[in-house]
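In: got a predicted model here, sequence first, then my questions.
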Amino acid sequence: MRFVLGALFASMLVSASFASGTKVYDSEIPGVALAGTIFISGAWTRQSPPGVTVGSAYFRIKNNGDVAERLLGGEVDFADRVEVHKMEMKDGVMSMFELEDGLTIQPGETISFEPGGYHLMIMGLEEQPMAGDIVPMTLDFSEAGLVDLLLPVAPIGAKEFSQ
Amino acid sequence: MKEVRIVLWALVLIALVGGGVVLWQKNRGDGSLVSIGGAFTLTDTKGERFTEADLKGKPYAMFFGFTHCPDVCPTTLWEMTTHLKALGDDGDRLNMVFVGVDHERDTPEHLGTYLSAFDDRIIGLSGTEEQIARMAKTYRIFFERVEDASGDILYNHSAQVLLFKANGQFKSTIAYEERAETAFEKLKLLVD
Ligand SMILES: [Cu+2]
């Protein structure tokens, strides 16, 4: 519900920012962002177990435009790098790899990043986001450019974000 | 008529091959149909030597992973933590083991810190490259070390939890995709 409201709110704001000719909207609502024709919702990350320097983030991306978009990566101030990764299960074996050229989202397409599949891999954590925190992340798109996003932090080992 | 003959011969062939596989597995000695499990030597989070003998007497559940795993390992360990809590005291009649396959980073000390976020009954085991490789072979676990373009080390690895009876005989697995309820039922059956 919160995300739906957030989406509505975000779409109201984006028209405002287009009108004023400033940069595209960066949402202040956790988990939601709208930039150009890219709509991000349901974003979250999770606390990593103690001593671990990696984390991951998940969300849905919808491309409302008529050109293909590419998610190239991202940036956070609490870690070294943010990479686009894909995890695959085959015959019970988990394998994971970086999508070095990013991930293309076709016009009209929605792609879900979720445990067990696509994720943003946060490498070289300098600070641990803790469950209940809200942390900022900037995503880098080929067309929409840099998009700021706020990620609520789920507890260690969570498979989804629930309020 | 010719088709019938082909089908019959095919059946004979299947029976022969099938029988041969079963025999071959039976001949491996432990009587179980598939040979998974056996001897290993690793180190626990207190730095003590730990072998399969330390597990026997209780049924055990075993999961292989690495602490710098972003997803499958913490979610599985958290699920196991939830199951252990739900089992309550019955959980004491089960050994839950996490083997860190990353011999460089999954040291006893680091594993201890890592596991402090999960149920304290989970046993963390570390090993040398050779010890881990040998155990993975015995337990039919696949893992491979991958270094990505930025020099980060990740492991691809089998993601199922292996379940063993108290005598060390392999019983079944819990797959990563399996529902939490099914996984819990399997653990409950294991301690009953
Ligand atoms: Cu990854």
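Out: Perfect, I can see it now.

In: mind listing the strands for the chain?
Out: Since no chain was named, I'll use chain A. Counting by DSSP state E, the segments of chain A that form strands are A:33-35, A:38-46, A:54-63, A:69-75, A:79-90, A:93-98, A:103-105, A:110-112, A:118-125, A:134-141, A:145-154.

In: wrong one, I was asking about chain B
Out: Using DSSP E, strands in chain B cover B:41-44, B:49-51, B:60-65, B:95-100, B:122-126, B:143-147, B:153-158, B:161-164, B:170-174.

In: possible to save those as CSV with mean pLDDT and distance to A:Gly145?
Out: In this view, the C-beta of every residue, glycine as well, is placed from N, C-alpha and C. As requested, those are exported to CSV (pLDDT from 0 to 100; distance: least, Cβ to Cβ, whole Å):
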stretch, mean pLDDT, distance to A:Gly145
strand B:41-44, 98, 49
strand B:49-51, 98, 53
strand B:60-65, 97, 37
strand B:95-100, 98, 40
strand B:122-126, 98, 44
strand B:143-147, 95, 31
strand B:153-158, 95, 29
strand B:161-164, 97, 44
strand B:170-174, 96, 44
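
In: any weak-confidence spans in the chain?
Out: I went with chain A, as the question did not name one. Across chain A, the ranges flagged by pLDDT under 70 are A:1-27, A:163.

In: oops, I was thinking of chain B
Out: Along chain B, the parts satisfying pLDDT under 70 run over B:1-34.

In: mind redoing it with 80?
Out: Applying pLDDT under 80 to chain B flags residues B:1-34, B:149-150.

In: near chain A, which residues of it?
Out: B:67-72, B:74-79, B:81, B:110, B:113-118, B:142, B:146, B:148-150, B:152, B:154, B:156-160, B:173, B:175-177 (Cβ under 8 Å from any Cβ of the partner chain).

In: buried ones among those?
Out: By neighbour count, with 16 or more other Cβ atoms under 10 Å in any protein chain shown, the residues of chain B next to chain A hold B:67-72, B:74-79, B:81, B:110, B:113-115, B:117-118, B:142, B:148, B:152, B:154, B:156-160, B:173, B:176 as buried.

In: quickly list the domain ranges of chain B.
Out: B:1-33, B:35-191 (automatic domain parsing).

In: centre of the chain to the last one, how far?
Out: Mean C-alpha position of domain B:35-191 versus that of the full chain (Cα atoms, centre = their mean, to the nearest Å) differs by 6 Å.

In: could you tell me the end-to-end distance of that domain?
Out: By Cα to Cα, to the nearest Å, the extent of domain B:35-191 from end to end equals 21 Å.

In: do the same with stretch B:43-50
Out: One end of stretch B:43-50 sits 5 Å from the other (Cα to Cα).

In: can you check stretch B:143-160 too?
Out: Length of stretch B:143-160, first residue to last, Cα to Cα: 12 Å.

In: what of stretch B:153-167?
Out: End to end - Cα to Cα - stretch B:153-167 spans 36 Å.

In: is it in proximity to the ion?
Out: No. Using Cβ under 5 Å from the ion, stretch B:153-167 stays clear of the ion, with a minimum separation of 6.8 Å.

In: over to stretch A:103-121?
Out: Yes. Judged by Cβ under 5 Å from the ion, stretch A:103-121 and the ion are in contact via A:Met121.

In: which parts of that stretch are buried?
Out: Using 16+ other Cβ under 10 Å as the test for burial, stretch A:103-121 gives A:103, A:105, A:111, A:113-116, A:118-121.

In: one step back: can you tell me which of the domains of chain B is most buried?
Out: A comparison of those by mean neighbour count, using mean count of other Cβ atoms under 10 Å in any protein chain shown, puts domain B:35-191 on top with a mean of 18.
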